[in-house]
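Peer 1: Pasted the sequence and its predicted model underneath.
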Number of protein chains: 2
Amino acid sequence: MIKSIFDAALTDQTAYRNLEYLCKNTKGRLPGSPAAAEAVEYTRQELIKAGADTVWLQRVPVPHWERGFEECKAVSSIFGVTDLSISTLGFSVGTTEDGIIAGVIEVKDFDELKKLGKQKIEGKIVFFNRAADNTLVNTFAAYGGAVSQRTQGASEASKFGAAAVIVRSATNALDDFPHTGVTRYADEVTKIPAVAVSTIDAELLSKWLRRDPATRISLISTCMNYPDTWSYNVIGEIKGSLKPNEYITNGGHLDAWDITEGAHDDAGGCVQAIEMIRLYKTLNIKPKRTVRAVMFMNEEMSGTGGRGYASEASAKGEVHYAAIESDRGVMSPRGFGFEADGERLEKLQSLAKWFAPYNIRDFDKGGSGSDISPLRPSGTLLIGYIPDVQRYFYYHHSANDTFDKVNIRELQMGSAASAALVYLIDLLDI
Amino acid sequence: MIKSIFDAALTDQTAYRNLEYLCKNTKGRLPGSPAAAEAVEYTRQELIKAGADTVWLQRVPVPHWERGFEECKAVSSIFGVTDLSISTLGFSVGTTEDGIIAGVIEVKDFDELKKLGKQKIEGKIVFFNRAADNTLVNTFAAYGGAVSQRTQGASEASKFGAAAVIVRSATNALDDFPHTGVTRYADEVTKIPAVAVSTIDAELLSKWLRRDPATRISLISTCMNYPDTWSYNVIGEIKGSLKPNEYITNGGHLDAWDITEGAHDDAGGCVQAIEMIRLYKTLNIKPKRTVRAVMFMNEEMSGTGGRGYASEASAKGEVHYAAIESDRGVMSPRGFGFEADGERLEKLQSLAKWFAPYNIRDFDKGGSGSDISPLRPSGTLLIGYIPDVQRYFYYHHSANDTFDKVNIRELQMGSAASAALVYLIDLLDI
């Protein structure tokens, strides 16, 4: 059966065509956007076509933030004027239409910020320029080491009276793409504009500042936060044949940043989940437990889709047996990370032998993902799908995350791997 | 030291820039072409810059074949006329400038050809349309199952009087790129023109033939075979500190098909070998044995570079201790294949623990590569570098094998892996 699952996945184009549609027709599907609404309706229909017994939408509240006009120029009496490649961060407040012009202070971290203090920072634009550590083989660790300046930089700099922040993109790449993402303001601080700058332009700005500390930045960003609105998780399920009231969830998130097709992050994870339904129906697999494909909404901004899913499950008294999340891109599969210990972890690791013929060998303890983690308190076995991640952050949250960066075999090896793992966990009651 | 090698590789752009140069400036570097000559000179200089103690060129004979004008149209009284996306195969003879117009017989293999026999085939264009088996996880096995129609199809069809052959591209992809490669004529046969057609156009032609068996093909290809000429292997070495007369070779091939940048096949393998030299010099590694980076010439057409290298080694009485070849693309590394058995294989497999932190886990018995295999009779330990190969044949021998398909981290993880393996084999006398 495992071989049948892989064979069926590797000889079919449906998931790849679903991915193409999401990338080309629902690009920039931020929560609450018309593109997100189209993605909801499209995946609802594709779940029906895939053969799900039941397909429905689960309403969840979502933020509504929109990018406006944005422009960032570095101005130096030595070097002249240059446009910097920027992308305003999600939740950021905007500038006026005239923008801000101010001097720039470059820092690497919050300690440096504190040492400089209010006197040096007040009225300035703080430029956070800590690079991702490229020696870390786990690129998520490299990202984790760099991303706090994006999520908290505006809030921290505001405490010292900064006028705005510019943050080096959290990526392994040295490229021209700004990589966006959320920034979060602490309750007490004055909200100041925050933008990501491409790593190439971060290097350039840093060079200018070294040679001309009087370099100034002109920044305009007319983005806006609007009142919260509503969107949907999209859910399709195959009813369990023996234990219909126990659930195994496999999902990714449907929303994506407004500047990107969101191919790897995370349309790929969504179409892999839909593909599991198609594979089960095609191969006439009748799981004991109810198996669900879930397209979570609003992972990127505030995680209301994942929390909404778990709270409805809890309210209905559903037993969620296991959940897999695919949100690390859809490169060639390496394995799974299990939030499990002891005997259960050993049992899960014993499944590795079924995946060795597909070169899927990493069956280790590890984190799962932010959309399924709200199920943790209910004792659900949480699993993260792990592809090869060397190139993931070249795409992540940027305009570079496009359909052509996904290879159909790598995508489908992953679809098959997750479908096979769900099959084994259900069959063997692991 | 292993960590130092990986850290140094992952934080440097030299190999990636070398790759960019080879792709952009020496595109289509077929043996004997001006582009190949430029690639020889460029890599010679880069080996010097990398710090090799000695760099030299090793003259080898190479064939000289040139593509001309090529055009292929399917003509049907039902469907009309359409251009097919083709690429003439290397060593193919040409048509006249007026070309050939003939009916078409579709077959899947040589058995089918035999069953049809001379009466049905004579004067026709034979269309070999056997697809690669996409259920094979080892894409090289899928390629191996399909490629005989390309290498021997013209020869086999000629025995039955065929006028020419059109061969479905040997690739997992369903795309518009024709994937070229050599065809070989048996001594006794009349040489007939042979071209590869893209898989999408193979599907189209097959559909036309099912509905209109009278579909004809108009084929023009004014390619030419010229007398053999000369080119060079490019060799750079670091002299061994204890056993300078024992050699460990690490290499790829410098030539590439005329229609492609040859990024994955195999500029990537070449720059990884140069990078080994740079890493050793940067980290002040002084190997006991002489370590060589070799850019082999003419892997694609007739392997004279690999044979020339081995025969000169033999003539000089050099002891070639081990050799690694990187010619399966430069995607993220999975491991190595060793042409070894018993205790030596076990010793090699015991090295896997050093690579586990880099998720490089496949240390198995396996084939090496065609450029180093001529060293086999001398007892050299032969090793093949194995990256993830799911997407390799989407690029292989086609215009799709471009620089942008290579990720610097995946390339450099491979550079480091091979450099580290050479280091350990030398250090531990494995």
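Peer 2: Okay, I see it. Quick caveat: nothing in here was measured; it's all calculated off a predicted structure.

Peer 1: Point me to the helix or strand that includes whichever residue of the stretch 101-250 of chain A sits closest to chain B.
Peer 2: Nearest residue of the stretch 101-250 of chain A to chain B: residue A:135, at 4.3 Å (Cβ to the nearest Cβ). Every residue, glycine included, has its C-beta placed from N, CA and C. Here residue A:135 is covered by no helix or strand, with elements defined by DSSP states H and E.

Peer 1: Residue B:311 versus that one, what's the distance?
Peer 2: 42 Å (Cβ to Cβ, to the nearest Å).

Peer 1: How far does the longest helix anywhere in chain A sit from its chain's centre?
Peer 2: Looking across chain A with DSSP state H, the single longest helix is helix A:408-427. Centroid separation for helix A:408-427 versus its chain: 20 Å, with Cα atoms, centre = their mean, to the nearest Å.

Peer 1: what do you get for stretch A:172-190?
Peer 2: Stretch A:172-190 sits 14 Å away from the centroid of its parent chain (Cα atoms, centre = their mean).

Peer 1: just stretch A:324-336 next, same as before
Peer 2: 12 Å.

Peer 1: next one: stretch A:93-112
Peer 2: On Cα atoms, centre = their mean, the centre of stretch A:93-112 falls 26 Å from the chain's centre.

Peer 1: again with stretch A:274-289
Peer 2: Chain-centre distance of stretch A:274-289: 26 Å, with Cα atoms, centre = their mean.

Peer 1: can you list the residues of the stretch 151-300 of chain A near chain B?
Peer 2: Selection of the stretch 151-300 of chain A residues close to chain B by Cβ under 8 Å from any Cβ of the partner chain yields A:172, A:174.

Peer 1: Residue ranges in the stretch 151-300 of chain A under the pLDDT threshold?
Peer 2: For the stretch 151-300 of chain A, not a single residue meets the criterion pLDDT under 70.

Peer 1: all helices for it, in order.
Peer 2: Chain-ordered helices for the stretch 151-300 of chain A, with DSSP state H, counting those that start in this stretch as the definition, fall at A:153-158, A:199-211, A:268-282.

Peer 1: for the ones you listed, which one ends up most surrounded?
Peer 2: Among the helices of the stretch 151-300 of chain A, helix A:268-282 has the highest mean neighbour count (mean count of other Cβ atoms under 10 Å in any protein chain shown), at a mean of 28.

Peer 1: Run a quick neighbour tally on residue A:17.
Peer 2: 13 (other Cβ atoms under 10 Å in any protein chain shown).

Peer 1: my bad, should have said residue A:176
Peer 2: Here the count is done by other Cβ under 10 Å, and residue A:176 has 13 residues near it.

Peer 1: try the one 4 residues further on
Peer 2: A count of neighbours around residue A:180, defined by other Cβ under 10 Å, yields 28.

Peer 1: Quick check: closest non-adjacent residue to it.
Peer 2: Spatial nearest neighbour of residue A:180, excluding adjacent residues (Cβ to Cβ, 6 or more residues apart in numbering or on different chains): residue A:87 at 4.2 Å.

Peer 1: That neighbour: which element?
Peer 2: Per DSSP H and E: strand A:86-88 holds residue A:87.

Peer 1: partners of that strand in the sheet?
Peer 2: Paired strands of strand A:86-88, with direction, are strand A:194-197 (antiparallel) (DSSP bridges).

Peer 1: residues making contact with the strand it pairs with?
Peer 2: With contacts defined as Cβ atoms under 8 Å, 6 or more residues apart in numbering or on different chains, strand A:194-197 is touched by A:70, A:72, A:84-89, A:92, A:127, A:150, A:153-154, A:164-170, A:178-181, A:183, A:205, A:219, A:221.

Peer 1: Just the buried residues from these, in PyMOL please.
Peer 2: PyMOL command restricting the contacts of strand A:194-197 to the buried ones, with burial defined by 16 or more other Cβ atoms under 10 Å in any protein chain shown:
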select buried, chain A and resi 70+72+84+85+86+87+88+89+92+127+150+153+154+164+165+166+167+168+169+170+178+179+180+181+183+205+219+221
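
Peer 1: Domains in chain A, by residue range?
Peer 2: Listed by automatic domain parsing, the domain ranges of chain A are A:2-65+A:229-427, A:69-222.

Peer 1: and the last one, how far apart are its ends?
Peer 2: Going back to what we said before, that points to domain A:69-222. Domain A:69-222 has an end-to-end distance of 5 Å (Cα to Cα, to the nearest Å).

Peer 1: do the first one as well
Peer 2: Counting by Cα to Cα, you get 12 Å between the two ends of domain A:2-65+A:229-427.

Peer 1: Check stretch A:326-335 too.
Peer 2: Using Cα to Cα, one end of stretch A:326-335 lies 11 Å from the other.

Peer 1: try stretch A:250-267
Peer 2: 14 Å.

Peer 1: Next: stretch A:129-142.
Peer 2: With Cα to Cα as the measure, stretch A:129-142 spans 14 Å from end to end.

Peer 1: Centre of the chain to that stretch, how far?
Peer 2: With Cα atoms, centre = their mean, you get 17 Å for stretch A:129-142.

Peer 1: what comes up buried for it?
Peer 2: A:129, A:130, A:131, A:132, A:133, A:134, A:136, A:137, A:139, A:140, A:142.

Peer 1: Pull the most distant pair out of these.
Peer 2: Spatial extent of the buried residues of stretch A:129-142 (Cβ to Cβ) is set by the pair A:129 and A:137 at 23.4 Å.

Peer 1: these two touch, right, residue A:275 and residue A:417?
Peer 2: No - applying Cβ atoms under 8 Å as the test, residue A:275 and residue A:417 come out as separate, 11.0 Å apart.

Peer 1: Not counting sequence-adjacent ones, nearest residue to residue A:15?
Peer 2: Nearest to residue A:15 is residue A:275, by Cβ to Cβ, 6+ apart, at 4.0 Å.

Peer 1: same check, this time on residue A:241
Peer 2: Counting by Cβ to Cβ, 6+ apart, residue A:286 is the residue found nearest to residue A:241 once chain neighbours are left out, at 4.6 Å.

Peer 1: show me the contacts for the one you found.
Peer 2: A:238, A:241, A:280.

Peer 1: repeat for residue A:49
Peer 2: Listed by Cβ under 8 Å, 6+ apart, residue A:49 has no contact partners.

Peer 1: What helix or strand is it located in?
Peer 2: Remark: residue A:49 resides in helix A:34-50, with elements defined by DSSP H and E.
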